[in-house]
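K.L.:
Requesting a structural model of the entry that follows:
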Amino acid sequence: MILGVGKPKLKVFYASDIHGSELVFRKFLNAARFYGVDALIFGGDLTGKAIVPFVEVTPGHFTADVFGNPREVEAGTQLTELEQFVRDRGSYPYRTTPEELAAMQSDPELVKSIFSEVMRATAEKWVTMADDRLRGAMPCLMMPGNDDEPEVKTVLAQGDWVQDGEDRVVRLEGYQVASFGWATTTPWHSPREVTEEVMLERLTELTGKLEPGVPTILNLHNPPAASGLDLAYKMSKDLKVDMAGGQALVEPVGSTAVRTIIERVSPTLSLHGHIHESRATARIGRTVALNPGSSYTEGVLQGAIISLKGDKVVGQQLVNG
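P.N.:
Below you'll find the model as predicted:
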């Protein structure tokens, strides 16, 4: 697959882990023009994790628990604005009835079905939005992450401009980009996880498609082990953050397979996400590696601007938008 025309240099905007925030996704699309880049790359975890029921208790009158705050709103501007507030912070508003809510509370499969329907409709809207904004003007590579349901790949495939770059090598303005959005095992058992052994197998197969001598960018959702890009809050067995002296403890949780691949391939640039609190840049051998972090619940787009020339990174900046 060829996107754009080969150039001796490339300026990229990279972000990851939007997790359903419509506000942050719009900022991601606007970053192309705002930062004057040549291409956009997204590193996975596009969709949200929860729905927020808006229950119509009487005609035109809704109640909702919005992130722990009970709210009562009337149909019209008030309702529309509160629903958008929910979307902008990464969840999906869902209008329902008291009867359906009671059914949802007793039937996890119904909740799963409704969530899947709402999530897919939102993702389809976003892909259409990206196509309309970027078509003919800005190459954009995207992929699902470990928290995205498998059907997100089907939604991305519906785009006629935005491309799902996962599990293949894409030529981008004179560079080649290899992308992979799965993560190694987490305590939360997310939809797209693999063991370290499988991660190494799949990344070895993917990078075996790279063309020798062409400057390479790796877009791997999982950060490499012991890189400074993988410092996550240390969790107890009951999934609470371990504390010491009033401070949250952190520990490296990156993938040894990802690090092995970086050391083996020695790409010019390696892009990562997954660990929201580990916003940093690093070097692994000659490779510049980075994780811009994520603050999607605050509506903040955390990203990175990277300038490449030939087989070197000549500029990098972590930015907030």
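K.L.:
Go through stretch 247-254 and flag the buried ones.
P.N.:
Neighbour counts over stretch 247-254 (16 or more other CB atoms under 10 Å) mark 250, 252-254 as buried. Quick note: C-beta positions are derived from backbone N, CA and C, even for glycine.
K.L.:
Just the C-alpha atoms of that stretch, please, in PDB.
P.N.:
Output in PDB follows, covering the C-alpha atoms of stretch 247-254 (Å, rounded to 0.1, in the frame of the first residue of the first chain):
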ATOM      1  CA  GLN A 247       2.700   8.500  46.900                       C
ATOM      2  CA  ALA A 248       1.500   6.000  44.200                       C
ATOM      3  CA  LEU A 249       4.000   3.400  43.400                       C
ATOM      4  CA  VAL A 250       5.000   2.700  39.800                       C
ATOM      5  CA  GLU A 251       6.600  -0.300  38.100                       C
ATOM      6  CA  PRO A 252       7.800  -1.200  34.600                       C
ATOM      7  CA  VAL A 253       5.200  -3.300  32.800                       C
ATOM      8  CA  GLY A 254       6.300  -3.100  29.200                       C
END
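K.L.:
Show me how far it is from its chain's centre.
P.N.:
Taking CA atoms, centre = their mean, to the nearest Å, one finds stretch 247-254 lying 21 Å from the centre of the chain it belongs to.
K.L.:
next one: stretch 158-177
P.N.:
Centroid separation for stretch 158-177 versus its chain: 16 Å, with CA atoms, centre = their mean.
K.L.:
Show the end-to-end separation of it, please.
P.N.:
21 Å (CA to CA, to the nearest Å).
K.L.:
Quick check: mean pLDDT of it?
P.N.:
The average pLDDT for stretch 158-177 rounds to 96.
K.L.:
and the buried residues of stretch 247-254 as a markdown table, adding distance to Ala75 and secondary structure?
P.N.:
What follows is these, written out as a markdown table (distance: CB to CB, whole Å; DSSP: H, G, I helix; E, B strand; the rest coil):
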| residue | distance to Ala75 | secondary structure |
| --- | --- | --- |
| Val250 | 45 | strand |
| Pro252 | 50 | strand |
| Val253 | 45 | coil |
| Gly254 | 48 | coil |
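K.L.:
pLDDT-wise, which helix or strand of this structure ranks last?
P.N.:
Ranked by mean pLDDT, DSSP states H and E, the weakest helix or strand in the chain is strand 2-3, scoring a mean of 42.
K.L.:
Just the buried positions in the following helix or strand past it, please.
P.N.:
Past strand 2-3, further along toward the C-terminus, the next helix or strand under DSSP states H and E is strand 9-15. For strand 9-15, burial by neighbour count (16+ other CB under 10 Å) applies to 10-15.
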